[in-house]
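*Asks:* missing the sequence, but the structure's below:
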């Protein structure tokens with residue numbers, strides 16, 4: 001595991017505010033999205049390559065946005081999910097949004113990381129009064145989607161949103177009409193080796209909103225309901241799938257219903273939410289509502305009061321395994337397809353391997369009231385979040401502790417991990 005301090009790259013570049021967000025890590029070089037900003041706003045300046053041997057930084061994206069990037073909206077997919085997909089690809093994608101008189105112009109580009117060459121995929125315009133560009137999601141090599149949000153409700157998925165699939169090799173785009181795919185706020189993942197399939201986490205509301213809508217007569221659903229569905233659709237709480245070739249075929253012929261198949265669900269009885277992802281697996285919790293457990297006469301239900309069920313879904317085989325029943329004060333952490341059970345109280349953090357039940361570490365908190373578990377990586381490094389105090393609320397940071405005791409503690413503000421590289425800043 002290599003740890004790269006981003007402060008070494010941003011040194012001497014403090015004004016204006018500059019941040020480098022890692023998007024792809026190779027053996028000899030790192031690719032970053034460079035973000036500049038002021039106290040009032042921030043913007044993406046471009047995509048940069050950092051060569052590890054000679055410590056040089058080179059801008060690799062090109063176009064008219066070069067002259068003044070602050071006049072454009074540059075979208076570089078960089079979420080954990082996007083980075084995970086790009087890890088095995090020789091390409092990166094990005095979008096430049098330009099405001100015209102009555103329209104927004106979207107220009108999508110591809111960068112080949114074998115020689116850093118760039119080419120345009122396609123361009124697209126839409127009426128800026130009706131929609132807002134929400135961003136790209138990379139599905140798999142050769143395909144990504146982007147969403148245009150209804151301008152009246154841009155921060156939530158609604159029936160009025162438009163979602164498009166882009167076929168990069170064909171340089172074509174297709175509108176996706178399936179309401180489940182468009183409106184879900186859950187994950188959309190393409191996986192599989194011999195046969196690819198697309199996995200969709202079907203969820204439409206937060207856990208709190210679902211429960212409130214279910215138990216209170218005073219709460220109404222504030223969402224337009226598709227014609228082919230009833231109000232109950234917001235309680236579906238499921239993980240569904242479809243062979244990826246079927247998905248592509250149905251999208252390209254304009255099908256309004258994909259006929260996704262259900263892998264697991266709980267419907268109104270509780271909530272199902274994806275809580276983690278690795279290269280090989282999705283992890284999710286599936287819990288019955290507490291009030292139903294307390295009312296139940298079934299022993300198995302009574303035993304689950306105050307607990308969470310955790311499952312893993314193999315992305316390749318679609319097999320589901322139950323991992324653990326978690327009690328109060330216990331959570332799980334995922335690292336390279338290993339699952340750790342984390343127990344935390346006011347004084348300590350204990351972490352053990354769920355499969356072997358061996359303890360990875362027992363950490364005694366130095367500042368009990370300020371410290372809390374944050375993450376673990378490389379099956380070795382414990383990340384502790386440290387809160388600010390009342391007198392100094394901005395003194396919050398992350399502390400990286402080597403559980404083997406061979407390295408000194410590190411202090412940082414940000415942490416991002418790509419494969420075997422951890423970036424701290």
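*Replies:* Sure, I can see it. Computed from a prediction, not measured in an experiment: that's the story for all the values here.
*Asks:* Spit out the contact partners of residue 167.
*Replies:* 142-143, 173-174, 248 (Cβ atoms under 8 Å, 6 or more residues apart in numbering). Where C-beta positions appear, they are placed from N, C-alpha and C, glycine not excepted.
*Asks:* Any chance of a ChimeraX selection covering the buried ones in the residues you listed?
*Replies:* Only the buried entries of the contacts of residue 167 go into this ChimeraX selection, using 16 or more other Cβ atoms under 10 Å:
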select :143,173,174,248
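*Asks:* And the strands in the stretch 251-400 of the chain, which stretches?
*Replies:* Using DSSP state E, counting those that start in this stretch, the strands found in the stretch 251-400 of the chain span residues 261-265, 270-277, 281-288, 308-314, 320-326, 330-335, 338-344, 348-353, 359-364, 371-377, 381-386, 397-402.
*Asks:* Now distance to residue 104 too, for the ones you listed, in JSON lines please.
*Replies:* Shown next, in JSON lines, are the strands of the stretch 251-400 of the chain (distance: least, Cβ to Cβ, whole Å):
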{"stretch": "strand 261-265", "distance to residue 104": "36"}
{"stretch": "strand 270-277", "distance to residue 104": "31"}
{"stretch": "strand 281-288", "distance to residue 104": "34"}
{"stretch": "strand 308-314", "distance to residue 104": "37"}
{"stretch": "strand 320-326", "distance to residue 104": "42"}
{"stretch": "strand 330-335", "distance to residue 104": "38"}
{"stretch": "strand 338-344", "distance to residue 104": "43"}
{"stretch": "strand 348-353", "distance to residue 104": "47"}
{"stretch": "strand 359-364", "distance to residue 104": "49"}
{"stretch": "strand 371-377", "distance to residue 104": "37"}
{"stretch": "strand 381-386", "distance to residue 104": "38"}
{"stretch": "strand 397-402", "distance to residue 104": "37"}
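*Asks:* export those to TSV and tack on distance to residue 7, mean neighbour count and mean pLDDT?
*Replies:* Converted to TSV, the strands of the stretch 251-400 of the chain look like this (distance: least, Cβ to Cβ, whole Å; neighbours: other Cβ atoms under 10 Å; pLDDT from 0 to 100):
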stretch	distance to residue 7	mean neighbour count	mean pLDDT
strand 261-265	44	14	97
strand 270-277	29	19	93
strand 281-288	32	20	93
strand 308-314	36	20	94
strand 320-326	37	15	92
strand 330-335	25	18	91
strand 338-344	29	18	93
strand 348-353	27	17	95
strand 359-364	25	15	93
strand 371-377	19	18	94
strand 381-386	17	20	95
strand 397-402	13	18	95
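*Asks:* Compare those and report which one is nearest to residue 156.
*Replies:* strand 270-277 (17.0 Å; Cβ to Cβ).
*Asks:* How far does that closest one sit from its chain's centre?
*Replies:* Distance of strand 270-277 from its chain centroid, counting by Cα atoms, centre = their mean, to the nearest Å, is 13 Å.
*Asks:* Parallel or antiparallel, which strands does it pair with?
*Replies:* Strand 270-277 has these partner strands in its sheet, going by DSSP bridges: strand 281-288 (antiparallel).
*Asks:* between the strand it pairs with and strand 261-265, how big is the angle?
*Replies:* 60 degrees (axes from the mean of the first three to the mean of the last three Cα atoms, to 10 degrees).
*Asks:* what's next to strand 281-288, contact-wise?
*Replies:* 187, 189, 199, 201, 239, 264, 266, 269-277, 301, 304, 307-315, 323, 332, 334, 337, 339.
*Asks:* Run the angle between that strand and strand 308-314 for me.
*Replies:* 150 degrees.
*Asks:* From the chain's centroid, how far away is strand 281-288?
*Replies:* Centre to centre, stretch against its chain (Cα atoms, centre = their mean), the figure for strand 281-288 is 16 Å.
*Asks:* same deal with stretch 23-33?
*Replies:* 19 Å.
*Asks:* which ones are touching residue 344?
*Replies:* Counting by Cβ under 8 Å, 6+ apart, residue 344 has contacts 329-331, 350, 372-373.
*Asks:* ok, now residue 247?
*Replies:* Contacts of residue 247 by Cβ under 8 Å, 6+ apart are 198, 258.
*Asks:* cool, residue 157 as well?
*Replies:* 149, 182-185, 204.
*Asks:* Same check on residue 135?
*Replies:* If you count contacts by Cβ under 8 Å, 6+ apart, then residue 135 has 75, 77, 146-147 around it.
*Asks:* Which helix or strand contains it?
*Replies:* Using DSSP states H and E, residue 135 maps to strand 131-140.
*Asks:* Neighbouring strands - and their directions - for the next helix or strand after that strand?
*Replies:* Going down the chain from strand 131-140, the next helix or strand is strand 143-150, by DSSP H and E. Note on strand 143-150: by DSSP bridges, its sheet partners are strand 131-140 (antiparallel), strand 162-167 (antiparallel).
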